[in-house]
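Trainee: curious how this folds, go ahead:
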Amino acid sequence: MRQLEPDQCRSAGVGARAGRGGPARRLFDAVLFDRDGTLVEDVPYNGDPEKVRPVPGARVALDGLRAAGLRLGVVTNQSGLAKGLFTPAQMAAVHARIEQLLGPFDAWLVCPHDDGDRCGCRKPAPGLVWDAARELGTVPRRCVLIGDIGRDVTAALAAGAQAVLVPTPVTRPEEVDAAPWVAADLPAAVAEILRRQAALDPATYRSAGVATAVSGFGDVAAGGVRRPARRVGTVLVVRSDSVGDVLVTGPGIRAVAAGARRVVLLCGPRGRAAADLLPGVDEVIEHRLPWIDPDPNPVTADDITALTDRLAAVAADEAVIFTSYHQSPLPLALLLRTIGVARIAAISDDYPGSLLDIRHRVPTGVPEPERALSLAAAAGYALPDHDEPTLRLRPTPPPPPQVGAPGYVVLHPGSAAQSRGLPVDLAEGVVRELVGAGHRVVVTGGPGEAELTARVAGGLAVDLGGGTGLAELAATVSGASAVVVGNTGPAHLAAAYGVPVVSLFAPTVPFGQWGPWRVPVVRLGDAGAGCRDTRAATCPVPGHPCLSRVTPREVLDALTRLGVPPSSPSPRATRTVTAVGRSGR
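Mentor: Purely as a prediction, here's the structure:
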């Protein structure tokens, strides 16, 4: 067993508290609301309190949030003030009437400007969300915003908050397509917020009745009752897939590590480099699982015997099998049963028979890190109170010297799946646009992408293509002011360091599940393109239309929205590149 770094010790205080928000492991401290069309019926430029009409179910839903200890705030564009269509006093009267009908709010944040004023507070700019989080004593990543149009979603994501879109007749179809989380109405949005908050708490699952009442998706195999959080010996955790898949499972693995004396991670060769970066892992076993790997070897008796023997040598007391939503844990659960693993937990929509002791189910659309954390909670494991539910990594070496001082923009044009990489012409144009605007750009790529990155860098940017391993790439990302990337592994590296992301996201997989988690992000691309939800590794539509229509100028504008000025040193760069330093982001 290798020596653990200080940040990996089970008792180490490596997480960040966030103001007065209670345990850091809580997902949300506050819920923010758009006003018109979300809390109350949209009456254009309303200055008359008698015209205030709450949307159906609003008061009961808000009272449910208050009862759960969540703080409430309103973030609203009111350009009628700039246009002179109502006065501040009239607006105050409208707000007083809203509170009379819906109960008190802890903060009201209003943008009084018009679009032409180019302020930083008018949604889709993130200023109101930043200010609301500050006034509510928390940080944006611990907030969720409910709104009815794309501007609300864009503002929330750019600030680092989560966003729920509740469509109305004025919501455009493309706004619905691009939203990471869509609810039918306000009560449904609130119910899902409360469900997702509860899903990370083992207390939710301590009896089948509580699990059914609170989450609606947990159950217990063979009629057993889930045990409370406890400390056990050796736990085998499994995540056999690519780098990004392993990275987003990190919070769930840390939760298991908080309650286990030893954690052994089984992963495949494509995710091994990421496994070596995860805190809380004591030992890594690398083996290609033919029912998971996208390029599987034939199933042979010798290979299965070798895997079974290796797992038997672990002598695991328990196993937690993490999978993506389209994968099955049952083949591995069968092997683990044959070697006597006494307690096995996994997410499974398929009937598991006696293969699972804890059969967990999760609704579609939940972010993959939350999905993993909810499985850990169902198995009785939770992050310690001091450990925030974010992606985190072990300490890495310093960035390569050729990248220069921190504050550059990382552009990662490639992907292991061609469908999720950036069109080459677009990537070349982005480099020219950003360099022309005064940004320093570092182009990164894997071992087989040196030709691609050389072309994209074009002598204008630093080219690291094929010259770094994953740990060095992570270190490079840690010194960036922003990362421009498709939906691939480096987006999750950025999330682990709190580095803002311009996400050119091909919609082959759902953005709400696979987008950068709990980090400021601007999404670009056609979310309703023909490849949507196909999981295609190779673009199935000629011309890569989901990304080819993005312009370099849009990427530059996205950096501006994220608050990334040209050649600005990143505040993260002043911190030592260690897991303790990262945890405060």
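Trainee: burial count for Val456?
Mentor: 29 (other C-beta atoms under 10 Å). Every residue, glycine included, has its C-beta placed from N, CA and C.
Trainee: can you tell me the helix or strand for it?
Mentor: helix 450-457 (DSSP states H and E).
Trainee: could you list the low-pLDDT ranges of the stretch 301-450 of the chain?
Mentor: The stretch 301-450 of the chain contains no residues with pLDDT under 70.
Trainee: and the strands in it?
Mentor: Secondary structure of the stretch 301-450 of the chain (DSSP state E, counting those that start in this stretch): strands at 318-321, 343-347, 358-360, 408-412, 441-443.
Trainee: what comes up buried for stretch 432-441?
Mentor: 433-435, 439-441 (16 or more other C-beta atoms under 10 Å).
Trainee: tell me which two of the residues you listed sit farthest apart.
Mentor: Maximum pairwise distance in the buried residues of stretch 432-441, criterion C-beta to C-beta, is 13.4 Å, between Glu433 and Arg440.
Trainee: next structured bit after whatever helix or strand Gln100 lives in?
Mentor: Using DSSP H and E, Gln100 sits within helix 88-102. Once helix 88-102 ends, the next helix or strand along the chain (criterion: DSSP H and E) is strand 107-111.
Trainee: residues of the helix or strand that comes right after that following strand that come out buried?
Mentor: Counting by DSSP H and E, the next helix or strand C-terminal to strand 107-111 is helix 127-135. If you call a residue buried by 16+ other C-beta under 10 Å, then helix 127-135 has these buried ones: 127-133.
Trainee: stretch 412-430 too?
Mentor: Those would be 412-417, 419-423, 426-430, for stretch 412-430 by 16+ other C-beta under 10 Å.
Trainee: in helices, which of those residues appear?
Mentor: Among the buried residues of stretch 412-430, the members falling in helices (DSSP state H) are 426-430.
Trainee: just the buried residues of stretch 432-441: which are in helices?
Mentor: 433-435.
Trainee: please save the CA atoms from stretch 472-492 in PDB.
Mentor: Listed next in PDB are the C-alpha coordinates belonging to stretch 472-492 (Å, rounded to 0.1, in the frame of the first residue of the first chain):
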ATOM      1  CA  GLU A 472       1.000  17.500 -15.900                       C
ATOM      2  CA  LEU A 473      -2.200  18.500 -17.800                       C
ATOM      3  CA  ALA A 474      -4.000  18.900 -14.500                       C
ATOM      4  CA  ALA A 475      -1.200  21.100 -13.300                       C
ATOM      5  CA  THR A 476      -1.400  23.200 -16.500                       C
ATOM      6  CA  VAL A 477      -5.200  23.600 -16.000                       C
ATOM      7  CA  SER A 478      -4.700  24.600 -12.400                       C
ATOM      8  CA  GLY A 479      -2.800  27.700 -13.500                       C
ATOM      9  CA  ALA A 480      -5.300  28.800 -16.100                       C
ATOM     10  CA  SER A 481      -7.800  31.600 -15.900                       C
ATOM     11  CA  ALA A 482     -10.200  29.600 -18.000                       C
ATOM     12  CA  VAL A 483     -10.400  26.500 -20.100                       C
ATOM     13  CA  VAL A 484     -12.000  26.200 -23.500                       C
ATOM     14  CA  VAL A 485     -12.900  22.600 -24.200                       C
ATOM     15  CA  GLY A 486     -15.500  20.200 -25.500                       C
ATOM     16  CA  ASN A 487     -17.300  17.700 -23.300                       C
ATOM     17  CA  THR A 488     -14.200  15.700 -22.400                       C
ATOM     18  CA  GLY A 489     -11.800  15.000 -19.500                       C
ATOM     19  CA  PRO A 490     -10.100  18.400 -19.200                       C
ATOM     20  CA  ALA A 491     -13.400  20.000 -18.500                       C
ATOM     21  CA  HIS A 492     -13.600  18.000 -15.300                       C
END
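Trainee: for the closest residue to Ala315 other than its chain neighbours, give me its contacts.
Mentor: Among residues not flanking Ala315 along the chain, Thr234 sits closest, at 6.2 Å (C-beta to C-beta, 6 or more residues apart in numbering). Residues near Thr234 by C-beta atoms under 8 Å, 6 or more residues apart in numbering: 260-264, 314-318.
Trainee: from the residues you listed, list the buried ones, please.
Mentor: In those, the ones that pass as buried (16+ other C-beta under 10 Å) are 260, 262-264, 314, 316-318.
Trainee: show me what secondary structure element comes after the helix holding Val456.
Mentor: Next element after helix 450-457 (DSSP H and E): strand 462-463.
Trainee: look at the closest residue to Ala179 other than its chain neighbours and report its pLDDT.
Mentor: Distance criterion C-beta to C-beta, 6+ apart; nearest residue to Ala179, sequence neighbours excluded, is Leu165 at 3.8 Å. The score at Leu165 is 98. That number is its pLDDT.
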